[in-house]
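Participant: sequence-free structure coming up:
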């Protein structure tokens with residue numbers, strides 16, 4: 001199978017009260033969602049993963065909630081290959097005046113019929 005590839009700009013938001021971190025592409029709209037344990041994957045009409053809300057984000061990322069309020073740099077990459085979803089989050093946080101890099105990788109099987117694809121979303125402020 002051929003793989004579709006896309007590189008886009010994006011944005012993120014963090015809701016301190018509800019501890020929800022949200023990544024999304026800037027110019028693509030989602031048409032359906034896939035629910036996982038502590039996150040939702042928003043899918044556009046072409047089958048790309050274009051949004052990722054993460055619930056209980058501070059617990060999931062093992063970071064203090066206050067650190068998530070100010071993040072100097074973010075990027076997320078998603079890929080779908082033969083029914084397996086991989087999400088790579090790459091970001092920096094500032095802890096005690098030091099920049100700390102975090103790079104969690106989430107891998108999940110899916111029964112949702114999604115095309116093989118790769119999306120790189122660079123988050124800008």
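Facilitator: Okay, I see it. Nothing here was measured: the structure is a model prediction, and the numbers come from that model.
Participant: contacts for stretch 63-80?
Facilitator: The contact list for stretch 63-80 (C-beta atoms under 8 Å, 6 or more residues apart in numbering) reads 3, 10, 12, 14, 16, 19, 21, 23, 41, 47-49, 52, 57-58, 61, 85-95, 99, 102, 110, 114-123. Every C-beta, even on glycine, is put in place using the N, C-alpha and C of the backbone.
Participant: may I see the buried residues of that stretch?
Facilitator: Under the neighbour-count criterion of 16 or more other C-beta atoms under 10 Å, stretch 63-80 has 63, 67-68, 71, 74-80 buried.
Participant: helices of the chain, start to end?
Facilitator: For the chain, applying DSSP state H gives helices covering 57-61, 65-68.
Participant: separation between residue 27 and residue 87?
Facilitator: If you measure residue 27 against residue 87 using C-beta to C-beta, to the nearest Å, the figure is 20 Å.
Participant: if you could redo that for residue 56, that was the one I meant.
Facilitator: Taken as C-beta to C-beta, the span from residue 56 to residue 87 is 16 Å.
Participant: what about the two, which has more around it?
Facilitator: The neighbour count for residue 56 versus residue 87, taken as other C-beta atoms under 10 Å, is higher for residue 87 (21 against 14).
Participant: remind me which residues of the protein are low pLDDT?
Facilitator: Residue ranges of the chain with pLDDT under 70: 1-3, 124-125.
Participant: ok, 50 please
Facilitator: Low-confidence segments of the chain, defined by pLDDT under 50: 1.
Participant: list just the nearest of the buried residues of stretch 63-80 to residue 37.
Facilitator: residue 78 (16.7 Å; C-beta to C-beta).
Participant: which residue, other than its chain neighbours, is closest to the residue most central in space within the chain?
Facilitator: Computing the C-alpha centroid of the chain and ranking residues by C-alpha atoms, centre = their mean puts residue 52 first, at 4.4 Å. Spatial nearest neighbour of residue 52, excluding adjacent residues (C-beta to C-beta, 6 or more residues apart in numbering): residue 23 at 4.6 Å.
Participant: okay then, goodbye and thanks.
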